[in-house]
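Peer 1: Let's see this in three dimensions:
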Amino acid sequence: MMQKKHITLIVFGVILSLFIAGCGGGEVTGGDSTTPFLEGTQGLEIGFLQGSPPKEISDITFPFDVVVSLKNQGEHDVVTADVRVDLMGILPSDFGTENVKLTNVHPDADLTSRKKDSEGNVIDAVEAYATFPKEGTKLQLQSNIISGNVNFVFRADVCYTYKTKATSQICVLKNLVSVADDAICSPTESKSIFSSGSPIEITSFRQSVVGEDKIQFSFDIVHSGFGNIFEPKTPTDTEGCPKDSSTRRSEEDKVKITIKTGIATDALKCSGIGSVTTGTLADKEIKLVNGKRTMTCTQDLPASSDRNDYEKSVDIIVDFNYLDKIDQTVLAKHIG
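Peer 2: Residues are numbered from 1 along each chain as shown. Coordinates of the predicted model:
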């Protein structure tokens with residue numbers, strides 16, 4: 001009898017341990033299961049791999065490479081072809097290489113973003129790497145370049161395509177003018193808006209009534225990162241994040257915006273980008289001024305006799321190119 005009791009206690013203890021372990025697992029490391037995005041103001045996080053480049057080199061045999069690490073801290077997946085990394089700051093011939101081996105380098109893997117599962121748990125992104133020079137060679141400071149110790153600045157310019165997604169809700173009522181106290185929503189107030197992790201945020205969503213069958217909403221597009229914004233193009237040797245001043249001026253701070261209300265029966269009109277009756281204004285180019293742009297839209301509604309009270313999602317998408325930079329000073333020692 002005592003043996004059976006002992007076995008029962010052991011089994012109970014095992015079950016209890018498993019239960020406690022189960023309760024302790026699945027820790028939420030960020031975000032909220034009730035919201036659609038993790039949010040944040042980062043896209044690709046960039047850095048130099050430790051020791052690449054080294055802090056010190058010499059002008060005798062000291063071959064080395066430069067490795068740029070990239071990690072997607074935002075919420076838009078980036079394929080390797082949509083990232084261009086250029087190594088700047090040095091004359092290629094001083095280091096025994098040529099310009100073509102220091103430009104237009106792609107990471108060794110796609111940069112998937114951080115993600116949130118249905119329970120709010122964050123799945124972290126994985127790093128990828130861009131190595132200079134190309135084709136497996138090494139950099140080597142040539143012996144006749146310096147006559148004393150000299151500092152060289154190695155700078156990595158990273159250009160990539162990115163996207164911001166945001167969602168809010170508009171309130172549609174049968175009677176927009178005389179709103180009942182127990183109405184399911186308010187057509188004249190600031191609304192919550194959720195914006196995906198990105199250097200560009202969508203903020204300050206506001207709705208108002210401008211007629212018996214018409215509502216207005218506005219929101220802000222805000223550059224919250226530290227890099228430069230350009231017109232969205234696949235980064236190549238000649239396209240995306242231009243270096244020449246003329247093209248740079250014409251493409252900088254330009255983004256493409258898509259606004260979807262899904263109300264396809266009546267006109268959606270947004271300031272400066274036109275109007276549609278399909279419920280979607282797609283890929284319209286706008287320019288940010290001092291890192292910001294306020295968009296104002298009006299949405300015509302069916303006649304009150306043909307509509308009920310409801311809330312409707314508004315989705316906003318912003319496409320752009322982003323240029324970020326990182327640099328490191330390397331001390332070159334002359335060995336006499």
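Peer 1: Return stretch 293-304 as CSV; C-alpha atoms alone will do.
Peer 2: Extracted C-alpha coordinates of stretch 293-304, given in CSV (Å, rounded to 0.1, in the frame of the first residue of the first chain):
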residue,chain,number,x,y,z
ARG,A,293,4.0,65.2,-44.4
THR,A,294,0.4,65.5,-43.2
MET,A,295,-2.2,63.8,-45.5
THR,A,296,-5.9,64.8,-45.5
CYS,A,297,-8.5,62.6,-47.2
THR,A,298,-12.3,62.7,-47.7
GLN,A,299,-14.4,59.7,-48.1
ASP,A,300,-17.9,60.0,-49.7
LEU,A,301,-20.4,57.5,-48.3
PRO,A,302,-23.6,56.0,-49.6
ALA,A,303,-26.8,57.9,-48.8
SER,A,304,-27.9,57.4,-45.2
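Peer 1: Buried ones in stretch 55-70, by neighbour count?
Peer 2: For stretch 55-70, a neighbour-count test (16 or more other C-beta atoms under 10 Å) marks 57, 59, 62, 64-70 as buried. Bear in mind the C-beta positions are built from the backbone N, C-alpha and C, glycine included.
Peer 1: State the separation between it and the centre of the chain it belongs to.
Peer 2: Distance of stretch 55-70 from the chain centroid (C-alpha atoms, centre = their mean, to the nearest Å) equals 30 Å.
Peer 1: Repeat that for stretch 291-303.
Peer 2: 24 Å.
Peer 1: which residues are contacting it?
Peer 2: For stretch 291-303, the surrounding residues in contact (C-beta atoms under 8 Å, 6 or more residues apart in numbering) are 170, 172, 210, 213-223, 253, 257, 259, 261, 263, 265-271, 281, 286-287, 307.
Peer 1: how about a cut-off of 6 Å?
Peer 2: With C-beta atoms under 6 Å, 6 or more residues apart in numbering as the test, stretch 291-303 has contacts from 213-223, 261, 263, 265-271, 286.
Peer 1: Closest one of the buried residues of stretch 55-70 to residue 87?
Peer 2: Nearest to residue 87 among those is residue 66, at 5.9 Å by C-beta to C-beta.
Peer 1: Check what pLDDT that closest one gets.
Peer 2: Per-residue pLDDT puts residue 66 at 97.
Peer 1: Please apply the same query to residue 11.
Peer 2: What the model reports for residue 11 is a pLDDT of 41.
Peer 1: Inside strands: which ones of the contacts of stretch 291-303?
Peer 2: 214-223, 268-270, 286 (DSSP state E).
Peer 1: Quick check: the farthest pair among those?
Peer 2: Pairwise distances across the ones in strands among the contacts of stretch 291-303 (C-beta to C-beta) peak at 30.9 Å, for the pair 214 and 223.
Peer 1: separation between the residue nearest in space to the middle of the chain and residue 189?
Peer 2: Centrality entry for the chain: nearest residue to the mean C-alpha point is residue 198, 3.0 Å, by C-alpha atoms, centre = their mean. Counting by C-beta to C-beta, to the nearest Å, the separation of residue 198 from residue 189 is 26 Å.
Peer 1: before we move on, what about residue 263?
Peer 2: Look at residue 263 and residue 189: by C-beta to C-beta, they are 19 Å apart.
Peer 1: Compare neighbour counts for these two and give me the winner.
Peer 2: The neighbour comparison of residue 263 against residue 189 (other C-beta atoms under 10 Å) goes to residue 263, with 22 against 11.
Peer 1: Now do the contacts for the closest residue to the more buried one other than its chain neighbours.
Peer 2: Using C-beta to C-beta, 6 or more residues apart in numbering and skipping residues adjacent in sequence, the residue nearest residue 263 is residue 279, 5.1 Å away. With contact taken as C-beta under 6 Å, 6+ apart, residue 279 is in contact with 261-264.
Peer 1: who has more neighbours, residue 214 and residue 223?
Peer 2: Neighbour tally, residue 214 and residue 223, criterion other C-beta under 10 Å: the higher count belongs to residue 223, 22 against 15.
Peer 1: What score does residue 244 have for pLDDT?
Peer 2: pLDDT, residue 244: 89.
Peer 1: Just give the number of residues close to it.
Peer 2: Residue 244 has 7 neighbours, counted by other C-beta under 10 Å.
Peer 1: From residue 185, how far out is it?
Peer 2: Distance from residue 244 to residue 185, counting by C-beta to C-beta: 51 Å.
Peer 1: Next: residue 149.
Peer 2: Counting by C-beta to C-beta, the gap from residue 149 to residue 185 is 69 Å.
Peer 1: So those two - more neighbours on which side?
Peer 2: Neighbours were counted for residue 149 and for residue 185 using other C-beta under 10 Å; residue 185 has more, 17 against 12.
Peer 1: hang on, that one packs against residue 170?
Peer 2: No. In this structure, residue 185 is not within contact of residue 170 by C-beta atoms under 6 Å, at 8.7 Å.
Peer 1: Alright, I will stop here.
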